[in-house]
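Asker: no sequence on this one, just coordinates:
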């Protein structure tokens, strides 16, 4: 079997699922437009933001669908018994995932635009901006898909991979939120992998729905977008490259075992623990309760990581150090940003 024949085979298997996803997305996006109560002179509903939200969610879910075969020993044995190299199978799955993402999104987006053109008077909105909105959203979807694909495949179990995706969706947010305490012009939101797609939807949505609007962002916002979006783009490219470069090193015998990748629990649990606690104002009683909750959540995640509540001395020391470090940062931030007067 050639890679081309295998791709066609997998594509045929996935067509019904892709059609169902396209139908659901289209139904939701069209409903937002059709049910919009339009009054002349008021803002219309373009469906751009609805499609972006659904597309972003789909971009994070499709990798779970495409690469879940790597999380089960029987399916791995079956796939690796095919007369194809492991990297070839991965390429087919990766490409199929992009099709499963872009095909439903394109269908829903195009039909949304056509529905708006039919429903609303042509002088009620700027439909020409649908074109740049669509093409500008594709890289944003790619970034989410690529990063999610890489981090999901770092896990040895499906549930671990899904948690890794959530970790990476929020990692830069919590880190830059700490940085914001020292550099006020830093806006953490723009460093999230979902931010480029969301910004495209918001900006072009306004251009479509409000005739003549001119969006002017403050210089520090533009700077944050430039840096944050660049980081996201580089992460997406690196994720794609590393996904294929590391495939040959993946050991089938580790499936179902502890996910020891540095892109997962090992780094993310202490990182989130430090950053979440650092952002708390520990001079308030309820914030101290949140420290306890955060430490408890970190322990539960560690139990999931180790597959047992007996997380071991090393992990316990790491958690304790993370809590202490987070408190230390919280104190530094508190005394460097406000003049605290005790009761």
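Answerer: Looks like it came in fine. Everything numeric here is computed off the predicted structure, so don't read it as measured data.

Asker: which positions within the longest helix that the chain contains qualify as buried?
Answerer: Longest helix of the chain, by residue count under DSSP state H: helix 86-119. In terms of neighbour count (16 or more other C-beta atoms under 10 Å), helix 86-119 has its buried residues at 86, 88-94, 96-105, 107-109, 111-113, 115-116. C-beta here means a position set from N, CA and C on the backbone, and glycine is covered the same way.

Asker: before we move on, what about stretch 58-66?
Answerer: Along stretch 58-66, these residues count as buried under the neighbour rule (16+ other C-beta under 10 Å): 58, 59, 60, 61, 62, 63, 64, 65, 66.

Asker: run the chain-centre distance for it.
Answerer: 10 Å (C-alpha atoms, centre = their mean, to the nearest Å).

Asker: residues in contact with that stretch?
Answerer: The contact list for stretch 58-66 (C-beta atoms under 8 Å, 6 or more residues apart in numbering) reads 17, 21, 25, 93-94, 96-97, 100-101, 104-105, 141-142, 144-145, 148-149, 152-153, 158, 161-162, 165, 169.

Asker: can I get the buried residues of stretch 58-66 in JSON lines with secondary structure and pLDDT?
Answerer: Output for these, formatted as JSON lines (DSSP: H, G, I helix; E, B strand; the rest coil; pLDDT from 0 to 100):
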{"residue": "58", "secondary structure": "helix", "pLDDT": "97"}
{"residue": "59", "secondary structure": "helix", "pLDDT": "97"}
{"residue": "60", "secondary structure": "helix", "pLDDT": "97"}
{"residue": "61", "secondary structure": "helix", "pLDDT": "96"}
{"residue": "62", "secondary structure": "helix", "pLDDT": "97"}
{"residue": "63", "secondary structure": "helix", "pLDDT": "96"}
{"residue": "64", "secondary structure": "helix", "pLDDT": "95"}
{"residue": "65", "secondary structure": "helix", "pLDDT": "94"}
{"residue": "66", "secondary structure": "helix", "pLDDT": "93"}
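
Asker: which residues of the stretch 51-200 of the chain fall in helices?
Answerer: In the stretch 51-200 of the chain, the helices defined using DSSP state H, counting those that start in this stretch lie at 73-80, 86-119, 130-152, 158-180, 195-209.

Asker: mind checking how far the second one is from the chain centre?
Answerer: The chain centroid and the centroid of helix 86-119 are separated by 17 Å, computed with C-alpha atoms, centre = their mean.

Asker: and it, what does it pack onto?
Answerer: If you count contacts as 3 or more C-beta pairs under 8 Å, 6 or more residues apart in numbering; DSSP states H and E, helix 86-119 packs onto helix 3-34, helix 48-67, helix 73-80, helix 130-152, helix 219-245.

Asker: ok, and the closest non-adjacent residue to residue 26?
Answerer: Leaving aside its sequence neighbours, residue 26 sits nearest to residue 108 (C-beta to C-beta, 6 or more residues apart in numbering; 4.5 Å).

Asker: does that neighbour really touch residue 54, like I thought?
Answerer: Yes - using C-beta atoms under 8 Å, residue 108 is in contact with residue 54, at 7.0 Å.

Asker: what about residue 175, neighbour count?
Answerer: Around residue 175 there are 17 other residues, counting by other C-beta atoms under 10 Å.

Asker: again but with residue 149, I slipped
Answerer: Neighbours of residue 149 (other C-beta under 10 Å): 27.

Asker: cool, and residue 263?
Answerer: Neighbour tally, residue 263, other C-beta under 10 Å: 20.

Asker: what kind of secondary structure is it in?
Answerer: Three-state call for residue 263 (DSSP: H, G, I helix; E, B strand; the rest coil): coil.

Asker: low-confidence ranges in this structure?
Answerer: 1, 75-77, 79-80, 337-343 (pLDDT under 70).

Asker: one step back: now tabulate the helices of the stretch 51-200 of the chain in JSON lines and tack on distance to residue 256.
Answerer: Formatted as JSON lines, the helices of the stretch 51-200 of the chain follow (distance: least, C-beta to C-beta, whole Å):
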{"stretch": "helix 73-80", "distance to residue 256": "7"}
{"stretch": "helix 86-119", "distance to residue 256": "18"}
{"stretch": "helix 130-152", "distance to residue 256": "15"}
{"stretch": "helix 158-180", "distance to residue 256": "10"}
{"stretch": "helix 195-209", "distance to residue 256": "34"}
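
Asker: of those helices, which is nearest residue 246?
Answerer: Smallest distance to residue 246 across the helices of the stretch 51-200 of the chain (C-beta to C-beta): 8.7 Å, for helix 130-152.
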